[in-house]
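Undergrad: quick one, fold the following:
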Amino acid sequence: MSASRTAGAFRAILRHIAWMPAIPLLAWPAFYNRYPLLFPDSMSYLESGPRVARALFLHQYSGYYGVRSFIYALGIAPFHVPLWPVIALQATLTAYILWLVVRSFTPSHREEGCPTFAPRFSALRWESGSPSRTVLAYYAIITPLALLTGLPWVTSVVMPDILGALLYLAIYLLVFAPETISRHERVLLFLIAWWSAAAHITHIMLAFGLVLFLLAGLIACRAVTRRRLWGLAAASGILLAAIFSHMALHGVLYGKPTLNGNRPAYLTARLIADGPGRWYLQQHCPQAPFFMCTFVANLPASPDEFLWDHNGLWQTASPQTKALILRQESSFAAAVLRTYPRQQIAISLKAFRQQLTDFDISNDTNAWMLQDFVLALPGQRPLYERSRQAQETLPNDLFSTIQNWTVAASLALLCLLAPFVWRRCSARLMGLAAIVFAILLANAFTTAVLAEVDERYQNRVIWLLPLLAALTIVEILNQRRPLSD
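TA: Below you'll find the model as predicted:
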């Protein structure tokens, strides 16, 4: 074999496996904890998976399957005991998607800059180059992300939280860097994006909003091309496939196709906890045509108490009552907003501001989790009780502080380098920046308004900001070197 063929074979192998050593790096909190991290919702996913699998494959139907995404629950069902393969899967997908993203910014996949700035994107060029620089850039970015942000903490918990960010990065690749992805990589990217979208309904909501935002931005910048439209169409197709999957699965389980399945009344709970929903019921019942008037004398004070308290309104309500509340939810919300528009907007904006800046690392545990091990993880409770999470000795405060400083430094760096990005007109960097900032804002707004302010919600995407800052530095270094390097 000639030297050139040997070098080519080496580059091909390196391109396919170079990202794999990052997998344990992205799961180090689980190893440090001595057990995969768990959240109360994790137990629901772990219980739902086997129930749904028995219904699909053994026709053993149940009266209750849970309220979480059945597709994520099915995806992790084969790995219930032990849980380590779930974390390995999430870390593998994260390492791979980040590899594709970083690779799109390295010399072998660089783009030409605009000779002078104009509100349009540059033509792209895919050239051959040394894979060693790609590997160096990849680990120079991955290592700080793993040590200085909440990324590995999100990857290490048995929850679909990490998959939302992977979906948004997949949309970046499809719209702004399709030339950097080979045919088999594109197929794999489609599958990862589909599962990431189907893993949680908010992922679909935010991703659809992102697609519309990008389309509007491309039109405004006069940068609509066939390639960009194909990427947006591909992303939309993936999201539609995720919606169809939910509806088909719920059709089999419940006898009718629905998107949300047996979901709780999230919006009703939030409006009442915020105040305007409570005021409306207190002032308009019993004349108001809403079944919630039945509970006006004993309204819960928080969304969690409304939805999840064992003795609370939702958990003790009959199926008929739940169905009626859900059927009236949109009209109830409209009535509250018509009556108290300024008050609700002010409350929602305050919650949005809080959520936008609240992204501490936390690992909640409670007595219900321990009791649920019997059903969700038979025989695993002693292993979990030996973990640092169960003993409440994880350094959450320390790493929250580190992440806060990292995010602040990343934002300052991005502001400092903004003139460079504007001048060079880097299509990929501008596209990724638009996605990251749009998602940070939309994620904070959606979760704060429709659910509640919780550091976990913003923690699952805030690491995208340091990633963007690191890739901006990579782009600057690229511009300092000739393309043939």
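
Undergrad: pull the contacting residues for the closest residue to residue 439 other than its chain neighbours.
TA: Counting by C-beta to C-beta, 6 or more residues apart in numbering, residue 439 lies nearest to residue 168, which is 5.2 Å off, once chain neighbours are set aside. (Each C-beta comes from the backbone N, C-alpha and C, glycine too.) Neighbouring residues of residue 168 by C-beta atoms under 8 Å, 6 or more residues apart in numbering: 206-207, 210, 435-436, 439, 461, 464.

Undergrad: check residue 272 too.
TA: Counting by C-beta under 8 Å, 6+ apart, residue 272 makes contact with 278, 281, 292, 299-300, 306.

Undergrad: again with residue 18
TA: Contacts of residue 18 by C-beta under 8 Å, 6+ apart are 99, 131, 134-135, 138.

Undergrad: can you redo those residues as JSON lines with pLDDT, neighbour count and secondary structure?
TA: Shown next, in JSON lines, are the contacts of residue 18 (pLDDT from 0 to 100; neighbours: other C-beta atoms under 10 Å; DSSP: H, G, I helix; E, B strand; the rest coil):
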{"residue": "99", "pLDDT": "96", "neighbour count": "21", "secondary structure": "helix"}
{"residue": "131", "pLDDT": "64", "neighbour count": "20", "secondary structure": "helix"}
{"residue": "134", "pLDDT": "87", "neighbour count": "25", "secondary structure": "helix"}
{"residue": "135", "pLDDT": "90", "neighbour count": "19", "secondary structure": "helix"}
{"residue": "138", "pLDDT": "94", "neighbour count": "24", "secondary structure": "helix"}
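
Undergrad: biggest separation within those, which pair?
TA: Using C-beta to C-beta, the pair of the contacts of residue 18 lying farthest apart is 99 and 131, separated by 11.2 Å.

Undergrad: nearest residue to the residue nearest to the spatial centre of the chain other than its sequence neighbours?
TA: The chain has residue 164 as the residue nearest its centroid, 1.9 Å off, counting by C-alpha atoms, centre = their mean. In this structure, residue 164 finds its nearest non-sequential neighbour in residue 203, 4.6 Å apart by C-beta to C-beta, 6+ apart.

Undergrad: now swap in residue 268 and tell me
TA: residue 329 (5.2 Å).

Undergrad: please look at that neighbour and residue 264 and confirm they touch.
TA: No - applying C-beta atoms under 8 Å as the test, residue 329 and residue 264 come out as separate, 10.2 Å apart.

Undergrad: what packs against the helix or strand containing residue 208?
TA: Per DSSP states H and E, residue 208 falls inside helix 201-220. In terms of contacts (3 or more C-beta pairs under 8 Å, 6 or more residues apart in numbering; DSSP states H and E), helix 201-220 is packed against helix 161-176, helix 183-198, helix 226-254, helix 427-450.

Undergrad: so which of those is nearest residue 71?
TA: Of all the helices and strands packed on helix 201-220, helix 183-198 comes closest under C-beta to C-beta, at 4.1 Å.

Undergrad: so where do the strands sit in the chain?
TA: With DSSP state E as the criterion, the chain has no strands.

Undergrad: any idea how far the residue nearest to residue 439 lies from residue 132?
TA: 29 Å (C-beta to C-beta, to the nearest Å).

Undergrad: residue 381 now?
TA: Distance of residue 381 to residue 132, given as C-beta to C-beta: 47 Å.

Undergrad: the two - which one has more neighbours?
TA: Legend: neighbour count by other C-beta atoms under 10 Å for residue 381 and residue 132, higher for residue 381 (17 against 12).

Undergrad: please name the nearest non-neighbouring residue to that one.
TA: Nearest to residue 381 is residue 373, by C-beta to C-beta, 6+ apart, at 3.9 Å.

Undergrad: got a list of what the one you found touches?
TA: Listed by C-beta under 8 Å, 6+ apart, the contact set of residue 373 reads 43, 380-381, 384.

Undergrad: give me the pLDDT value at it.
TA: Among the per-residue scores, residue 373 shows a pLDDT of 88.

Undergrad: then residue 296?
TA: pLDDT at residue 296 comes out at 88.

Undergrad: pLDDT score for residue 4?
TA: For residue 4, the pLDDT comes out at 65.

Undergrad: same question, residue 365
TA: 78.

Undergrad: phi first, then psi, for it.
TA: Here is the backbone geometry of residue 365 (degrees, to the nearest 10): phi -150, psi 150.

Undergrad: ditto for residue 255
TA: Note on residue 255: backbone dihedrals following degrees, to the nearest 10 are phi 90, psi 0.

Undergrad: and the gap between it and residue 61?
TA: Distance, residue 255 to residue 61, using C-beta to C-beta: 10 Å.

Undergrad: of these two, which one has the most company?
TA: Taking other C-beta under 10 Å, residue 255 and residue 61 do not tie; residue 61 has more neighbours (14 against 8).

Undergrad: right, and the more buried one touches residue 253 too?
TA: Yes - if you go by C-beta under 8 Å, residue 61 and residue 253 touch, sitting 7.4 Å apart.

Undergrad: overlap of the contact sets of the two?
TA: residue 55.

Undergrad: returning to that earlier point: ok, the residue nearest to the centre of the chain - contacts?
TA: 196, 199-200, 202-203, 206, 443, 460-461.
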